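Student: Just a sequence and a predicted model for now, questions to come.
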Amino acid sequence: MPDTSNFNAQAAADESSTPAASVWPDISGVPTTPVAPPGGMPVYPGDDIAGVPTTPVAPPGGMPVYPGDDIAGIPTTPIAPSGGMPVYPGPTWPDCPIYPLPTPTIPIITIPSVTYYGQVRFLNASTNGLSLDVYIDNQSVFSGSSFATVSTYTQVSDGFHTVTVRQTHGQVLYQQTLAFVSGEKVTMVLLDSSGGITLTKVSDMGCTNVPSGYGCLRVTNMTYSGSSYDVRLFNNQIVFAGIGYKDVTSFKQASAGNYTFFITNAQTSVTSFNELPVIIFTAIVGGCPACTVANPLLTYSINIRAGKAYTSYIIGNPWSNLYRVYTLED
């Protein structure tokens, strides 16, 4: 085995005697290649780009800006504010012409006025023997009337109207402003009064829901103050009791047929509880000697038709020889 002790001793002597400078060369003056930072690209000698123009980096969310894209001198389109309209390039006010906005045409809708009407007729129940004319707002509606005559229905607008009654070609006997209601039918009765003439209104409404085969009947007293009557059938049954001056009974249903009624002075012992609730035509075969009405003041007959309404007006007085029942269809 070779002897290495002398070799190691010699090597140690050589290392201790060699200067430090001769071990590591001095490279402080030698240019080195920079090392790229972590994640970067290597930089090679001569790649100094300090004098080279760089492309600006777009901010987050923007678009890249390329060299030569400087738009400072290029006119831009103004952006409309929020909720506004876009402004286009072109002349600016006041250089641009201003065109007036068209004025919108709003159609004017004319709503026709609606007039509502009622109906009125006049019954002459005056016994003064005069010929009478009736006017509504100076318009003639009933001329040359005499006792127990009636006008046709006349339309009259809803509201207040002046009614005038005058002797034909003579003086005014009555003038009053009265209320008329749309949709209502009325009969105005001309009556004697201490001053000449007065009017009483009778509504011609109220007969409704009539069964098949039936009509309606009522009676009113338009004779003189203090009078009172009962209305009876041939068998002395009471149909209407105690009808005073200017009273109007309620309508009663009556089966269709021909009736004869008897008017008597009212009996104090008779009340509405004794009245027939419904008027029913009864045919009596062979006669009925006991079925009589003693000493009637007036007798009248009427043919009641199904679906029709009737009002029997007792008018006049015993001393004028103008005393009767005048029945009108309503």
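Tutor: Ah, there it is. From a predicted model like this one, the values you see are computed outputs, not experimental measurements. Residues are numbered from 1 along each chain as shown.

Student: Tell me where the stretch 51-200 of the chain has strands.
Tutor: 117-124, 132-136, 139-145, 149-150, 154-157, 159-167, 172-180, 185-193, 196-203 (DSSP state E, counting those that start in this stretch).

Student: So which of those strands is nearest Asn295?
Tutor: strand 185-193 (26.2 Å; Cβ to Cβ). Just so you know, the C-beta spots here come from the backbone N, C-alpha and C atoms, and that holds for glycine as well.

Student: what's the span of stretch 142-158, first residue to last?
Tutor: End-to-end distance of stretch 142-158 (Cα to Cα, to the nearest Å): 20 Å.

Student: can you check stretch 300-313 too?
Tutor: One end of stretch 300-313 to the other measures 11 Å (Cα to Cα).

Student: Now do the domain split for the protein, please.
Tutor: Following automatic domain parsing, one gets these domains for the chain: 116-204, 206-330.

Student: Check those for me: which has the lowest mean pLDDT.
Tutor: Sorting the domains of the chain by mean pLDDT places domain 206-330 lowest, at a mean of 89.

Student: measure it end to end?
Tutor: First-to-last distance for domain 206-330 - Cα to Cα - comes to 10 Å.

Student: So Val181 sits against Val120, correct?
Tutor: No. Using Cβ atoms under 8 Å, Val181 is not in contact with Val120, being 10.3 Å away.

Student: who has more neighbours, these two?
Tutor: The neighbour comparison of Val181 against Val120 (other Cβ atoms under 10 Å) goes to Val120, with 25 against 14.

Student: I'd say the more buried one and Met188 touch.
Tutor: Yes. Val120 lies in contact with Met188 (Cβ under 8 Å); the separation is 6.0 Å.

Student: Which parts of the chain are helices?
Tutor: 5-17 (DSSP state H).

Student: show me what contacts Phe262?
Tutor: Val231, Arg232, Leu233, Phe234, Val293, Pro296, Leu298, Thr299 (Cβ atoms under 8 Å, 6 or more residues apart in numbering).

Student: how does it look with 6 Å?
Tutor: Arg232, Val293, Pro296, Thr299 (Cβ atoms under 6 Å, 6 or more residues apart in numbering).
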